[in-house]
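**Q** Have a look at this fold, sequence not included:
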């Protein structure tokens, strides 16, 4: 059944319904397309006055039509329905899951009829183009941004980081900061946010290029610039931050080199090195196990945030007891006890696959920076 074209009417329009049945039975794609446009016009023209029941009737009719329509026509309807607050929910969901981004993009970016559950499922299963449109929504919950960061590429990460309406969990923001190491665009997008925790902002600035630091300083509110200057001064005073000499690392590398073929033995020795505060051997062992250079591991180890080192431990499949020992000997942590408590909560929640993907992104950035 279909609602009458009269604004206040609630009666069924038999002539239009008969046309619908003829269009569906005729097999003519053009006739179905024409009918879909007419129904869409009718819905949009009276959307503010329609009850939930009447909207459901439109949903039923339009759903019957869109299964037989070409992509270009569906894209046009998607664009028209996306900003309508009471658009037919079934049709919007059908469009949102469409593989054709011309169809799904408008509703993913603009429709309020999609739930967080819908957005999370789409972000977990669809293309990067789908994620890119979700990342541009006017508002995004922490649950959705967590999924975008976990499944998105660098372009998606940069888009969502620059979205002022996006909210981030502490974990999501920490992951973004790890990804930003070596990426100027992402660093600037994160650095321009007002909700980045101080210790993560410090890590972001530590690894930011001078040009990016300058732009962030210029964009910062006047009242925030002095604090930023102090952070930069502290960073300069701790250049390199490493407490280990190159000579110590060279010797440690020789010690660990003999174990390079025995992964289980290296994992055991990592715990022993951390427990004994033997930082040079610990970093060398992590380097061998991960295939990342000692300077890169040293950089993670001495970062202001524990998160990068936690991701590395999870990606390598280390048990929490080993990861805890590694995190416990990190220097420069603002609050070791607080960091360890947070890491213990987050470690089992960070999947090995997610950690490995995040670490691969970081590793690629290091190789080209």
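**A** Cool, the structure landed. Values in this document were obtained by computation on a predicted structure and should not be read as measured data. Residues are numbered from 1 along each chain as shown.

**Q** and the closest residue in space to residue 305 that isn't next to it in sequence, which of the three is it?
**A** Among residues not flanking residue 305 along the chain, residue 203 sits closest, at 4.6 Å (C-beta to C-beta, 6 or more residues apart in numbering). In this view, the C-beta of every residue, glycine as well, is placed from N, C-alpha and C. When classified by DSSP: H, G, I helix; E, B strand; the rest coil, residue 203 comes out as helix.

**Q** just checking, residue 203 touches residue 176?
**A** No. Checked against C-beta atoms under 8 Å, the pair residue 203 and residue 176 is beyond contact range at 10.9 Å.

**Q** residue boundaries of the helices in the stretch 1-150 of the chain?
**A** Applying DSSP state H, counting those that start in this stretch to the stretch 1-150 of the chain gives helices spanning 14-26, 29-46, 52-66, 71-81, 89-96, 101-110, 116-125, 128-135, 142-151.

**Q** Same check on the stretch 151-300 of the chain?
**A** Using DSSP H, counting those that start in this stretch, helices in the stretch 151-300 of the chain cover 154-161, 170-180, 184-191, 198-207, 210-219, 222-237, 246-257, 263-275, 279-290, 294-301.

**Q** mind giving me the domain split of this structure?
**A** Following automatic domain parsing, the chain resolves into domains at 14-81, 167-237, 246-368.

**Q** mind putting those domains in TSV, mean pLDDT included?
**A** Shown next, in TSV, are the domains of the chain (pLDDT from 0 to 100):
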stretch	mean pLDDT
domain 14-81	83
domain 167-237	89
domain 246-368	86
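
**Q** Go through these and name the closest to residue 126.
**A** Among these, the nearest to residue 126 by C-beta to C-beta is domain 14-81 (14.9 Å).

**Q** Centre of the chain to the closest one, how far?
**A** On the basis of C-alpha atoms, centre = their mean, to the nearest Å, domain 14-81 sits 35 Å off its chain's mean C-alpha point.

**Q** returning to that earlier point: can I get the domains of the chain in a markdown table with mean neighbour count and distance to residue 103?
**A** Listed next are the domains of the chain as a markdown table, based on neighbours: other C-beta atoms under 10 Å; distance: least, C-beta to C-beta, whole Å:
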| stretch | mean neighbour count | distance to residue 103 |
| --- | --- | --- |
| domain 14-81 | 17 | 5 |
| domain 167-237 | 17 | 28 |
| domain 246-368 | 18 | 28 |
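
**Q** For the ones you listed, could you give me CSV that also reports distance to residue 113?
**A** Shown next, in CSV, are the domains of the chain (distance: least, C-beta to C-beta, whole Å):
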stretch, distance to residue 113
domain 14-81, 9
domain 167-237, 20
domain 246-368, 29
